[in-house]
Every structure is written in structure tokens, then in C-alpha cells.
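In: A predicted structure for the sequence below; I have some questions about it.
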Amino acid sequence: MSALNEGFLRRAHRVRHTLKRKAHIYAQVIDDSAGRTVVAASTLDKDLRGALKKGSDLEAAQAVGKLVAERALKAGVTNVVFDRGGYIYHGRVKALADAAREAGLNF
């Protein structure tokens, strides 16, 4: 490996590590047939930002799942398909899904 490539990989790793530490959780309910977002929730929302210690832990995932479910039910959506976007179904992804189910979404 050349020194140029090693430096690039080192910088890429550093940036990815920083993003993972400061990551935020985001969920949305979309209408595929109309191609529009029905509701969305994130740890960056005013409702959650001050209440959460971190934006990327299990507690944050549960809060986002509950909030997106409440907003979806308010918009008249009860049945959804959960797309985990290639992430493994455990940890924060599972916590978000479980919280959304407990709040009333069916999937």
C-alpha cells in the first residue's frame, strides 16, 4: 500500500468514527405510491433534543420510535412496513421498532 493510500484510509476511518459518535437517529413513514413523506421523527427534533442525553443510544431510539408512531397514528397511518435499510435488526434498530409497535404501529 502506498503512503498516499494509507493516509486516505486513516482520514476516512477518523471521519467515520467521529460521525458514529455524533450520529443521530431518524425514522420516517413514507407513502411509496405517492412518493412523499407522511411523518418523520429524529433526535434533532425540538421535542427530543433537550430530553435526551445522547442522540444515538437505545434510549434515543426508543424515543424516536414512540414519536414517529404517535405522529403516524395522528396522520391516520396504522400499518407500515419496517425497512431497516441494511442495518442488522438488533440494538438501536430493534429498540426503535419495538417502541413504535408499543405505541400502536402495526408491522
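Out: Arrived safely, thanks for sending.
In: not counting sequence-adjacent ones, nearest residue to residue 84?
Out: With Cβ to Cβ, 6 or more residues apart in numbering as the criterion, residue 84 has its nearest non-adjacent residue at 5.3 Å, and that residue is residue 93. C-beta here means a position set from N, CA and C on the backbone, and glycine is covered the same way.
In: where does this structure dip in pLDDT?
Out: 1, 19-22 (pLDDT under 70).
In: for it, which helix is longest?
Out: In the chain, with assignment by DSSP state H, the single longest helix is helix 3-21.
In: any buried residues in that one, and which?
Out: By neighbour count on 16 or more other Cβ atoms under 10 Å, the buried set for helix 3-21 is empty.
In: tell me how far that helix lies from the chain's centre.
Out: Remark: helix 3-21 is offset 23 Å from the chain centroid, using Cα atoms, centre = their mean, to the nearest Å.
In: please apply the same query to stretch 65-78.
Out: 15 Å.
In: over to stretch 99-106?
Out: For stretch 99-106, the distance to the chain centre is 15 Å (Cα atoms, centre = their mean).
In: one step back: roughly how far apart are the residue nearest to residue 84 and residue 27?
Out: Relative to residue 27, residue 93 is positioned 10 Å away (Cβ to Cβ, to the nearest Å).
In: quick one: which of those two has more around it?
Out: residue 27 (23 against 18; other Cβ atoms under 10 Å).
In: helix/strand/coil for the spatially closest residue to that one that is not a sequence neighbour?
Out: Sequence neighbours aside, residue 68 is the residue nearest to residue 27 in space, at 4.5 Å (criterion: Cβ to Cβ, 6+ apart). The three-state label given to residue 68 by DSSP: H, G, I helix; E, B strand; the rest coil is helix.
In: and residue 68, how many neighbours does it have?
Out: The number of residues packed near residue 68 is 27, by other Cβ under 10 Å.
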